[in-house]
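Trainee: the following block contains a protein sequence and its predicted model.
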Amino acid sequence: MRQRNRGRVALAAVAAMCAAAALPGQAYAAGEAGTYAFDPGAKKTDGAEVSTEAPALTSGSVYRSSIKPGEKLYYRLNLDARTNAYVSAVAVPKGGGQVAYGDGITVSIRDSADLQCSSEDARFESAEFPRPIAAYAHRLVEKDSSTCQEAGTYNVLIERESKATSTPDAWELELRYASEPQLKSAGSMPTEAPDDWPSASPVPPTAAPQKRSGGTSYYDATGLDTGEWQEKDGIRPGQTLFYRIPVDWGQQVFATADLSNNNASDEYVSSALTMSLDNPAHGHVDSASPLSYSGKPASMSLDPLPPVKYENRYDSDGSVSAMRFAGWYYLSVTLNPKIAKAYGDKAIPLTLRIKVEGKAEESPYTGDAGAFSVTQDDRDMARDGKSTPQAAGSDRMKLIGAAGIGTGSVLVLGLGVWTLLARRRAATAPAGPAGDGQSPYGGPPQAW
């Protein structure tokens with residue numbers, strides 16, 4: 001029994017080590033242009049062209065699908081009469097392809113009679129080059145509304161539009177379905193969005209810049225907090241880098257991207273750099289005006305956004321409405337692949353200046369709000385620059401350390417007991433035949 005238990009301890013340590021080795025990581029070169037790290041937990045599903053054949057989506061899950069030019073695909077939701085539901089779609093065109101102005105996707109949620117609950121589109125505009133784009137739709141339970149309030153079956157419809165000049169390949173889709181937590185007291189919540197908010201750009205951070213390496217998707221986005229951050233490897237033509245910032249209730253987020261000079265040329269490139277912000281449900285918040293570049297230092301900023309408030313959802317301005325819950329806000333930056341023609345394939349230094357302003361306020365939700373909250377662990381991950389897989393890796397390494405200490409203790413204890421018994425026997429037992437090569441009590445413990 002003792003030997004069996006020792007084996008179990010050792011096997012636990014080995015299993016933990018194997019789990020760490022199997023951590024979902026980047027199977028591609030770090031920061032490789034044109035790659036997108038899909039959530040490894042995403043379930044494969046195919047949208048249906050006929051609504052009655054639509055596959056069901058489950059709250060809290062991530063899915064991977066695809067959509068061809070001109071397709072209209074259905075997915076099914078089974079909703080109750082009290083929960084707000086959000087479904088987002090990230091469209092990922094293949095790198096090296098062509099997109100045109102107006103290409104994009106539209107996401108909508110509809111009831112069984114095809115009445116639209118809400119919709120949002122994500123489109124390529126003047127920055128006509130492939131990169132991940134995201135949009136979401138929601139079903140909200142509102143006492144003064146008569147549409148989409150009943151429990152039952154709802155459809156998510158995703159439509160793709162592409163011009164004839166665009167690359168006809170299918171776009172991969174990453175779908176997320178999230179349910180908003182229940183309110184502590186729905187009757188006491190404001191039902192009108194604020195009319196004004198602090199809009200002056202804050203004083204930029206004065207601390208020395210620190211190095212960070214951006215991720216390639218929402219899944220592996222690198223944590224940032226208030227400060228000035230230099231992209232460790234710069235940004236290469238065609239590359240999209242993802243970062244995430246914890247923004248709590250009552251807080252505002254400001255973001256600026258600075259592109260360094262490049263002496264290889266002074267050729268003018270329009271829409272050289274894009275920057276976009278998405279909310280915790282992967283709904284689009286805002287984009288900065290595309291940055292033009294002519295080899296000199298250039299800078300771009302997001303417009304001032306309101307503090308995170310539940311009542312922002314009632315505003316007709318999509319950028320205000322999207323600042324409706326606390327959590328991780330995702331910043332993505334893409335460098336136009338056409339930069340390579342004038343400036344070469346080498347990375348250009350990129351600096352991000354982030355400021356989160358305002359005192360964190362109490363959550364309006366009851367219980368654990370999950371993705372729609374900011375925890376101390378989130379703040380720690382942002383401070384340390386960790387992504388979701390890096391944080392998971394740290395947790396598993398702690399488990400390995402604990403298992404290793406436990407296994408090591410058993411080894412040391414077993415060897416100690418064997419040594420003590422050997423010494424006692426040597427002191428009391430008669431000597432065996434010379435050179436018999438025998439060890440007391442069968443020898444030292446065998447390797448496990």
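Mentor: Received, thanks. Only a predicted model underlies this, so the values are computations on that prediction, with no experimental measurement involved.

Trainee: same question for stretch 118-131, mean pLDDT?
Mentor: Predicted confidence along stretch 118-131 averages 96 (mean pLDDT).

Trainee: residues near the closest residue to residue 50 other than its chain neighbours, how many?
Mentor: Counting by CB to CB, 6 or more residues apart in numbering, residue 74 is the residue found nearest to residue 50 once chain neighbours are left out, at 7.2 Å. Using the backbone N, CA and C atoms, a C-beta is placed for each residue, glycine as well. Per other CB atoms under 10 Å, the neighbour tally for residue 74 reads 18.

Trainee: in which helix or strand does residue 74 reside?
Mentor: In the assignment (DSSP states H and E), residue 74 maps to strand 72-79.

Trainee: so how far is that strand off the chain centroid?
Mentor: Averaged C-alpha coordinates place strand 72-79 at 23 Å from its chain's average position (CA atoms, centre = their mean, to the nearest Å).

Trainee: list the helices and strands it packs on?
Mentor: Of the remaining helices and strands, those touching strand 72-79 by 3 or more CB pairs under 8 Å, 6 or more residues apart in numbering; DSSP states H and E are strand 61-67, strand 85-92, strand 152-161.

Trainee: okay, it in CSV with CA atoms only?
Mentor: Taking Å, rounded to 0.1, in the frame of the first residue of the first chain, the C-alpha atoms of strand 72-79 are listed here in CSV:
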residue,chain,number,x,y,z
LYS,A,72,-26.3,33.8,-44.6
LEU,A,73,-25.9,31.3,-41.8
TYR,A,74,-28.2,30.5,-38.9
TYR,A,75,-27.4,29.4,-35.3
ARG,A,76,-30.0,28.7,-32.6
LEU,A,77,-30.4,30.1,-29.1
ASN,A,78,-32.8,28.8,-26.4
LEU,A,79,-33.5,31.8,-24.2
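
Trainee: show me where this structure dips below the pLDDT cut-off.
Mentor: Along the chain, the model assigns pLDDT under 70 to residues 1-34, 204-205, 393-448.

Trainee: let me see the ranges of the helices in it.
Mentor: 2-21, 318-321, 339-343, 376-384, 388-428 (DSSP state H).

Trainee: just give the closest residue to residue 331, not the sequence neighbours.
Mentor: residue 243 (4.6 Å).

Trainee: check contacts around the one you found.
Mentor: 212, 214-215, 221-224, 229, 330-333, 352 (CB atoms under 8 Å, 6 or more residues apart in numbering).

Trainee: turn these into CSV, including distance to residue 238 and neighbour count.
Mentor: Listed next are the contacts of residue 243 as CSV, based on distance: CB to CB, whole Å; neighbours: other CB atoms under 10 Å:
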residue, distance to residue 238, neighbour count
212, 20, 18
214, 14, 27
215, 16, 27
221, 18, 23
222, 19, 23
223, 24, 24
224, 22, 24
229, 21, 21
330, 20, 21
331, 18, 24
332, 14, 25
333, 12, 25
352, 19, 23
